[in-house]
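model the following, please.
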Amino acid sequence: MPWNSNSRLQYMPNAITFYPSISLRLVHHLIFSTISLEVLAMHQVPVRLFRHNEYERFLTTPFPYYGASFTTMVAFFLASHPFITSEIVLRWSKLLQFLFALFKVVLSGLPKVVQCVPDPSLLK
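Numbers count the residues shown, from 1 in each chain. The predicted structure follows:
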């Protein structure tokens, strides 16, 4: 019988659900001889997938990466503050005002439909 989308079973949260699991056998001690191999101790460990509510909420392993990312953000803001308050930015802002005025003059010759210059008060 071919599969179709109408024949799927709907997920019911109260129904019995199947969680796949695997059992691994870990060998602790082996004795090798010329005749045979003998297992002295064996431990069986069940392995199953985590359910959706069994994962850790905040992983502790990547703490160094969290610290590095926040340190980078703080360093960026601390390093950008002197640049923003320096004379270079004031010079660039004057240049941008000049280019904006030039752009406005160039667009003044075009039809009114094409003019889409933003309000200069928004740039301040």
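
which strand residues bridge Val47?
Under the criterion DSSP bridges, Val47 forms beta bridges with Ile22.

mind checking the SS state of Pro64?
Assigned by DSSP: H, G, I helix; E, B strand; the rest coil, the conformation of Pro64 is helix.

how near is it to Phe98?
Distance, Pro64 to Phe98, by CB to CB, to the nearest Å: 47 Å. Where you see a C-beta, it was placed from the backbone N, CA and C, and this is true even at glycine.

what helix or strand is Leu59 located in?
Leu59 is part of no helix or strand, with elements assigned from DSSP states H and E.

count of neighbours near Arg51?
9 (other CB atoms under 10 Å).

please apply the same query to Pro82.
8.

dump the helix or strand containing Phe77 to CSV, restricted to CA.
Element membership for Phe77 (DSSP H and E) is helix 63-84. Only the C-alpha atoms of helix 63-84 are listed here, as CSV (Å, rounded to 0.1, in the frame of the first residue of the first chain):
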residue,chain,number,x,y,z
PHE,A,63,31.7,29.8,29.4
PRO,A,64,35.0,30.9,27.8
TYR,A,65,33.2,31.7,24.6
TYR,A,66,30.5,33.7,26.4
GLY,A,67,33.2,35.6,28.2
ALA,A,68,35.1,36.3,25.0
SER,A,69,32.0,37.5,23.2
PHE,A,70,31.0,39.9,25.9
THR,A,71,34.6,41.1,26.3
THR,A,72,34.7,41.8,22.6
MET,A,73,31.5,43.8,22.7
VAL,A,74,32.7,45.9,25.7
ALA,A,75,36.0,46.5,24.0
PHE,A,76,34.4,47.6,20.8
PHE,A,77,32.2,50.1,22.5
LEU,A,78,35.0,51.5,24.6
ALA,A,79,37.3,51.8,21.6
SER,A,80,34.6,53.4,19.4
HIS,A,81,33.8,56.2,22.0
PRO,A,82,37.0,58.2,21.4
PHE,A,83,36.6,57.9,17.6
ILE,A,84,33.0,59.1,17.7
